[in-house]
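From the sequence below, what's the structure:
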Amino acid sequence: METVQTAVWVVAVLVALAFLFDFMNGFHDAANSIATVVSTGVLKPGQAVVFAAFFNVVAIFVFHLSVATTVGKGIVMPGIVDTNVVFGALIGAIVWNFITWYYGIPSSSSHALIGGIVGAAIAKAGVNSLVSSGIMKTILFIFVSPLLGFLLGSLMLVAVAWVFRGFRPRKVDKWFRRLQLLSAGAYSLGHGGNDSQKTIGIIWMLLIATGYTAAADTAPPTWVIVCCYTAIGLGTMFGGWRIVKTMGQKITKLKPVGGFCAETGGAITLFLATAMGVPVSTTHTITGAIVGVGSVQRASAVRWGVAGNIIWAWILTIPASAFVAAVAYWASLKIF
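The predicted model follows:
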């Protein structure tokens, strides 16, 4: 009886830790959803976070759980996962998120979690514990998502410039201030749909490993889904203001038309990735789209030094969070 009670307590703590990560994900990545709409002056910061949080949660009704399946069953061999691996993965992701938030670096919460899972699994059972197809798909989209965001954002701006070439700038600005609400809503929808599912996936992984959910189940419990979408929405409402400035103004100066194009290009990328079950980085996606919009105006419009620093953070995210996760895994062996 004592063992069962202890197991329940451990699982409850880890689920709470996962919800904390999900909240931090929304908090950390709020800038991805609201930076453009705030920096262009279309919405005030307080309005923007409530707006984005609403669409984060509404995503529960839009997307299938393809990303949750990839994270829950497609990164690590099922027999490898235990409470120590999950603890290590979450600590690795949370620590890296806190460090990058503190320094205002828009890194990827998604890849921090993937890196955490990888690091903890390797610490327990070596490289052979990983599912190569899931890892390769995730790594591939580290490059694909910002490039696709860049391409779609720049093409959108070129198309808009051509269509509205005979209109007065003030009139175009007025229209796109309204249209940017649609693009910001779509991007926040994609953000909630892709990112909340990563936490759903790791809780699902935990419940399967501890016997609270059957491995044959085709979907995680409903309470997990609802709580994860709610947690990321609450995190977005509190917002990571340190990163908003970097995303909204330091990379390139944005006007409503540019914000619309960047958000629309990013939203399309997220919708495609979520449909394919790929856990992509919303940070990579919107950064690529913003750089694409800025580079269409002129190459000097992009502050390439800032963009370069962000790319270094992207490169370091998976190995850094994996290292922290491995240390946390070894430490947890004395706790659980």
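
can you map out the helices along the chain?
Here the chain has its helices, by DSSP state H, at 2-39, 45-58, 66-73, 83-102, 109-125, 132-163, 169-209, 222-238, 241-245, 256-276, 282-297, 304-332.

number of nearby residues for V327?
17 (other Cβ atoms under 10 Å). Where you see a C-beta, it was placed from the backbone N, CA and C, and this is true even at glycine.

same thing with the one 3 residues further on?
Using other Cβ under 10 Å, W330 has 14 other residues around it.

residue contacts, the nearest residue to it once chain neighbours are set aside?
Once flanking residues are discounted, W330 sits nearest to A123: 6.2 Å by Cβ to Cβ, 6 or more residues apart in numbering. Taking Cβ atoms under 8 Å, 6 or more residues apart in numbering as the criterion, A123 is in contact with 88, 325-326, 329-330.

Tabulate the helices of the chain (JSON lines), appending distance to A215.
Conversion of those to JSON lines gives the following (distance: least, Cβ to Cβ, whole Å):
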{"stretch": "helix 2-39", "distance to A215": "16"}
{"stretch": "helix 45-58", "distance to A215": "29"}
{"stretch": "helix 66-73", "distance to A215": "8"}
{"stretch": "helix 83-102", "distance to A215": "15"}
{"stretch": "helix 109-125", "distance to A215": "17"}
{"stretch": "helix 132-163", "distance to A215": "16"}
{"stretch": "helix 169-209", "distance to A215": "5"}
{"stretch": "helix 222-238", "distance to A215": "15"}
{"stretch": "helix 241-245", "distance to A215": "38"}
{"stretch": "helix 256-276", "distance to A215": "23"}
{"stretch": "helix 282-297", "distance to A215": "29"}
{"stretch": "helix 304-332", "distance to A215": "22"}
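
ok, of these, where does mean pLDDT dip lowest?
Here the lowest mean pLDDT among these goes to helix 241-245, at a mean of 50.

measure Y329 to A125 for me?
Remark: distance between Y329 and A125 (Cβ to Cβ, to the nearest Å) = 11 Å.

So these two - more neighbours on which side?
Between Y329 and A125, counted using other Cβ under 10 Å, Y329 has the larger neighbour count: 25 against 16.

ok, that one touching V86?
No - using Cβ atoms under 8 Å, Y329 is not in contact with V86, being 9.4 Å away.

what do those two both touch?
What both Y329 and V86 touch, as defined by Cβ under 8 Å, 6+ apart, is the set A120.

from the contacts of A123, which two are the most distant?
Maximum pairwise distance among these (Cβ to Cβ): 9.9 Å, between A325 and W330.

what sits in contact with each of these two?
Counting by Cβ under 8 Å, 6+ apart, the common neighbours of A325 and W330 are 88, 123.

Burial check on P45, number of neighbours?
If we define neighbours as other Cβ under 10 Å, then P45 has 14 of them.

scratch that, F238
14.

Next up, the contacts around it.
Going by Cβ under 8 Å, 6+ apart, the list of residues near F238 reads 26-27, 30, 49.

Turn the contacts of A123 into a markdown table, including distance to V11.
Shown next, in a markdown table, are these (distance: Cβ to Cβ, whole Å):
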| residue | distance to V11 |
| --- | --- |
| G88 | 15 |
| A325 | 19 |
| A326 | 22 |
| Y329 | 17 |
| W330 | 21 |
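
for the residues you listed, which one is nearest L17?
Of all the contacts of A123, L17 sits closest to G88, with 11.0 Å by Cβ to Cβ.

What separation do you get for the closest one and T269?
G88 is 30 Å from T269, by Cβ to Cβ.

Next: C261.
13 Å.

Now for the two: what residues contact both?
By Cβ under 8 Å, 6+ apart, the residues touching both C261 and T269 are A289.

Which residues are in contact with G149?
Listed by Cβ under 8 Å, 6+ apart, the contact set of G149 reads 262, 265-266, 269, 284-289, 292.

cool, and P220?
Counted by Cβ under 8 Å, 6+ apart, P220 has contacts 65, 68, 72, 200-201, 203-204, 207, 213.

again, 10 Å this time
Residues near P220 by Cβ atoms under 10 Å, 6 or more residues apart in numbering: 65, 68-69, 72, 197, 200-201, 203-205, 207-208, 213, 228.

As TSV, these with neighbour count and distance to R170 would be great.
Below are the contacts of P220 laid out as TSV (neighbours: other Cβ atoms under 10 Å; distance: Cβ to Cβ, whole Å):
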residue	neighbour count	distance to R170
L65	20	45
A68	28	46
T69	19	48
G72	26	50
Q197	32	42
I200	26	45
G201	27	47
I203	31	50
W204	27	51
M205	26	53
L207	22	56
I208	19	57
T213	19	57
C228	30	43
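
Next, format those as TSV and append distance to A159.
Shown next, in TSV, are the contacts of P220 (distance: Cβ to Cβ, whole Å):
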residue	distance to A159
L65	34
A68	34
T69	35
G72	39
Q197	31
I200	36
G201	36
I203	41
W204	40
M205	42
L207	46
I208	46
T213	46
C228	36
